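J.: okay, predicted coordinates and the sequence, questions at the end:
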Amino acid sequence: MSKNPNVTDGGGYWKANIRLVAILLVIWAVCSFGFGILLRPMLAGISVGGTDLGFWFAQQGSILVFLAIIFFYAFRMNAIDREYGVDEE
């Protein structure tokens, strides 16, 4: 639902922003703490790059997920900005 560029819904915009941040923080927590620490014993049998998957997530996978989260956040916030008429263009 597109909004009128002259009228911005500050509450709706803020709610959409907080919702996106909360979802991405849950993904971050699951990837870093969940796979790297809590689920590591269950992932020990799976090998990636010569090491177990739990260790790989703790060392390499989390970094890749963090980068993906950053790019997705920027892309999605641009779409939310356009939707609520607060984009820079």
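T.: In hand now; what should we look at?

J.: can you give me the strands in the protein?
T.: 47-48, 51-52 (DSSP state E).

J.: using JSON lines, lay out the ones you listed together with mean neighbour count and mean pLDDT.
T.: Backbone N, C-alpha and C define where each C-beta goes, glycine included. Formatted as JSON lines, the strands of the chain follow (neighbours: other Cβ atoms under 10 Å; pLDDT from 0 to 100):
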{"stretch": "strand 47-48", "mean neighbour count": "12", "mean pLDDT": "83"}
{"stretch": "strand 51-52", "mean neighbour count": "15", "mean pLDDT": "86"}
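
J.: so can I have a markdown table of those showing distance to residue 41?
T.: Shown next, in a markdown table, are the strands of the chain (distance: least, Cβ to Cβ, whole Å):
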| stretch | distance to residue 41 |
| --- | --- |
| strand 47-48 | 15 |
| strand 51-52 | 9 |
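
J.: nearest to residue 83, of those?
T.: Distance to residue 83, taken as Cβ to Cβ, is lowest for strand 47-48 among the strands of the chain, at 38.3 Å.

J.: look up how far residue 84 lies from residue 67.
T.: Distance of residue 67 to residue 84, given as Cβ to Cβ, to the nearest Å: 26 Å.

J.: which of those two has more residues huddled nearby?
T.: Each of residue 67 and residue 84 has its neighbours counted (other Cβ atoms under 10 Å); residue 84 has more, 22 against 10.

J.: how about the residue lying closest to the more buried one once chain neighbours are set aside, what does it touch?
T.: Using Cβ to Cβ, 6 or more residues apart in numbering and skipping the chain neighbours, the partner closest in space to residue 84 is residue 13 (4.3 Å). Residue 13 makes contact with 80, 84, 86 under the criterion Cβ atoms under 8 Å, 6 or more residues apart in numbering.

J.: equivalent analysis for residue 44, please.
T.: 52-54.

J.: residue 57 versus that one, what's the distance?
T.: For residue 44 relative to residue 57 (Cβ to Cβ), the value is 11 Å.
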